[in-house]
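>>> just need the structure, nothing else, for what follows:
(2 chains)
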Amino acid sequence: MMSSRFIRNVRLGIKTLLLHKMRSILTMLGMVFGVGAVIAMLAVGEGASKQALDQIRRLGSQNIIINSQKPIGQASSGSMQVRMNIYGLLYDDLTRIEQSFSTIERTVPAKLIRGQGRVAGRTLELRLVGTTPNWFELVSRDLLVGRVMTDLDIKNNASVVVLTEHGARKLLVGQTTIGSQVLINQGYFTVVGVIKSESTQSGTMQTPDQEIDAYIPLNVAIERFGDMAVTRSSGSRSRELIELHQLIVQVDSINNVESTAAGIERMLSNFHPKGDYRMSVPLALLRQAKATQRTFNIVLGSIAGISLLIGGIGIMNIMLASVTERTREIGVRRAIGARRKQIIGQFLIETVVLSVTGGFIGIGIGILIPWLITMFADMPTVVTLWSVLLSVVISIGVGVIFGMYPAMRAANLDPIVALRHE
Amino acid sequence: MTQSNADQPDANHVIELHEVWKTYRMGSQDVHALAGVSLTIERGSFWAISGASGSGKSTMLNLLGCLDRPSKGRYALEGQDTATTSDDELSDLRLKHLGFVFQSFNLIAQLTVQENIELPLFYQGVDAKVAAQKACDIAERVGLSDRLSHRPTELSGGQQQRVAIARALSNNPSVLLADEPTGNLDTATGDSIMKLLTELHEQGKTIMMVTHEPEIANHAQYQLVMRDGKIESVTQNPRFSAAVVTA
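Take a look at the predicted model:
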């Protein structure tokens, strides 16, 4: 009974609002744009942050990545001059780090050497990664065929190589994959496996693997290619002597990441006063990205709050005008026997119908806009369920809050005065 | 519904006014819109209230209509005293016992004829189907069966007033209160409305009608004239014979 009366009240509210279609639409606009903007902005923000967080997460939140870096002020300058730069992480650093911290799960050293792969006349620029089997546990990628590097390979100084899908496709067209010989920088390596690569780059953060990688045992890399690298650029030759290009440290738990990173930093700075290394901690970046996202959400929330406030005030304004316009109707209803509560209910329902209808149109727009952005600007957007649910709740809330005052005003009219109103 | 009352056991008295005062404060002065009015209305009687403007007839109607409470004195509707009732209780009294007919019809524009007639039933919480059936019956009684789905604005003045009367009747009230029911109508239409009210009276409805037109007042059983907040005279229409006057 109560609910059937409620339904009739809603139907009556809709009917009354339809009587002034244009006015109702204009009244709803504030809600439409408010809710639409909230959902669209949240979707864009969520999309951007999800992308960033995904990338950071792919770096491994338990990892600490240390890269060798040419120290500032030691850049090779002067034309025709042959210089040698000695810098970067040392094999000793690896040992020291491994021995000093009990919180370390595993370490992955890497020598990164530019190289050229050659199979049956096909060539491909490669990044040779001299590393240990740990690499494949830390940077876990799908194994497409064959196997990854093993401890036995290290022990045997085996000239084996694991290629990426990209490398295999470029080099091994028409060849048997496993067991093929690839000529890399004047040495033959046997392909033992092919893995997938998920290389992506965002700003300064990059995944450890690249799609032009070719993984060989670290000791083989040292033996075959040494620590010297020669780069030629516009007539000048520069030589660089770097023992390890990269060191990835995986910490046993997320809680220990920051303390371990600080410890490693302290230790490395003792041995490397020139600062010829760079440390990055994905977890710190993740925290930072989350903090940024929180700030972003607060800003969005404020904008949303203001626009909804304006929308609500717009609705209240129109409802107050409506109450004045319908004073006589209110008087008649009261004379017939409607209680104050029922008058409040009637006007409140009208306001809520307005705000919720506006809210739903806003949700539609808020879903459409991110879709268009993704379609035409190729930006990732994520419309979250909670933002939609929140919008529905807010729409009802705005209707109730801003409808209450006009409704109370209607209900508190003296029926005698209301009936006499012209 | 009808309460047994020790003071007034007569259930035939729909309305009882005893020494009713209504006083407004205008600046530093007290203005007595009603100054000690006593009146008993018997069930089934038809009254016309007239008087110059400022005589207190509007105040009287507001009071009778439970839109207002007396400042002093006792007003009982169906044996129920209105002096101490809350706003909600007054609303319930109106909903249960009263039907209003106004000079300017006061139909609700966004509702159809049927929905207007059903309005009191809606507030009473009557089932929609029952209410619709009742509205149809009453519409037939006032001669509007073929206009149920129309909007008030599509009807003539006379038809609108019939809808208003139907609305006032739909809750089967004890008293029908009419405020200048023919004031906005031409003579012929006014006559037809008076004919309808007379019919309702003949069917046993109690009707209290405020009017300043003697010809209209002449349709009533009793003519009550107000002056300066007091009842100046009550005359029985000679056309109606057997009835008791109490004033």
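
>>> what sits against B:Ile138?
B:117, B:166, B:169-170 (CB atoms under 8 Å, 6 or more residues apart in numbering or on different chains). Every C-beta, even on glycine, is put in place using the N, C-alpha and C of the backbone.

>>> neighbour-wise, which of these leads?
B:Ile117 (30 neighbours; other CB atoms under 10 Å in any protein chain shown).

>>> host element of the residue lying closest to that one once chain neighbours are set aside?
Closest residue in space to B:Ile117, ignoring its immediate chain neighbours: B:Ala135 at 4.2 Å, by CB to CB, 6 or more residues apart in numbering or on different chains. According to DSSP states H and E, B:Ala135 maps onto helix B:128-141.

>>> how about A:Arg106?
Going by DSSP H and E, A:Arg106 is part of strand A:104-119.

>>> circling back: any idea how far the residue nearest to B:Ile117 is from A:Ile66?
Applying CB to CB, to the nearest Å, the value for B:Ala135 to A:Ile66 is 85 Å.

>>> who has more neighbours, the two?
A:Ile66 (27 against 24).

>>> give me the phi and psi angles of the nearest residue to that one once chain neighbours are set aside.
Of all residues not flanking A:Ile66 in the chain, A:Leu247 sits nearest, at 4.5 Å (CB to CB, 6+ apart). Phi and psi for A:Leu247, reported as degrees, to the nearest 10, are phi -140, psi 120.

>>> residue contacts, A:Leu247?
A:Leu247 neighbours (CB under 8 Å, 6+ apart): A:65-66, A:89, A:93-94, A:97, A:107-110.

>>> next SSE after the helix holding B:Ala135?
Per DSSP H and E, the helix or strand that comes after helix B:128-141 is helix B:157-169.

>>> helices or strands next to that next one in the packing?
Contacts defined by 3 or more CB pairs under 8 Å, 6 or more residues apart in numbering or on different chains; DSSP states H and E place helix B:157-169 against strand B:98-101, helix B:113-124, helix B:128-141, strand B:175-179, helix B:187-202.

>>> nearest to A:Val356, of these?
helix B:113-124 (22.9 Å; CB to CB).

>>> relative to helix B:128-141, how tilted is that closest one?
130 degrees (axes from the mean of the first three to the mean of the last three CA atoms, to 10 degrees).

>>> let me see the contact set for A:Leu308.
For A:Leu308, counting by CB under 8 Å, 6+ apart, the contacting residues are A:30-31, A:34-35, A:38, A:394, A:398.

>>> any idea of the pLDDT on it?
pLDDT for A:Leu308: 84.

>>> do the one 10 residues further on as well
Confidence per residue is given as pLDDT, and for A:Ile318 that number is 92.

>>> let me see the contact set for residue 109.
Going with chain A. With CB under 8 Å, 6+ apart, A:Pro109 has these contacts: A:89, A:91, A:94, A:131-132, A:218, A:244, A:246-247.

>>> please go with chain B instead
A:19, A:329, B:151-153.

>>> most surrounded residue in the residues you listed?
Ranking these using other CB under 10 Å puts A:Glu329 first, with 23 neighbours.

>>> the residue nearest to it when sequence neighbours are not counted: what's it in contact with?
Excluding its sequence neighbours, the residue lying closest to A:Glu329 (CB to CB, 6+ apart) is B:Ile108, at 5.4 Å. B:Ile108 makes contact with A:329, A:332-333, B:115-116, B:119, B:152, according to CB under 8 Å, 6+ apart.

>>> one step back: need the contacts of B:Ile138 in TSV with pLDDT and distance to B:Leu67, can you?
TSV is the format used below for the contacts of B:Ile138 (pLDDT from 0 to 100; distance: CB to CB, whole Å):
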residue	pLDDT	distance to B:Leu67
B:Ile117	95	21
B:Ala166	95	21
B:Leu169	94	19
B:Ser170	94	19
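
>>> which of these lies closest to chain A?
Ranked by distance to chain A (CB to the nearest CB), these are led by B:Ser170 at 9.5 Å.

>>> hmm, that closest one is touching B:Cys136, no?
No. If you go by CB atoms under 8 Å, B:Ser170 and B:Cys136 don't touch, sitting 10.7 Å apart.

>>> quick check, the residue in chain B closest to chain A?
B:Leu95 (2.5 Å).

>>> just say helix, strand or coil for that residue.
helix (DSSP: H, G, I helix; E, B strand; the rest coil).

>>> residue contacts, it?
Contacts of B:Leu95 by CB under 8 Å, 6+ apart are A:336-338, B:120, B:123-124, B:171.

>>> rerun that using 10 Å as the cut-off
Contacts for B:Leu95 were tallied using CB atoms under 10 Å, 6 or more residues apart in numbering or on different chains; they are A:335-339, B:66, B:120-121, B:123-125, B:171, B:173.
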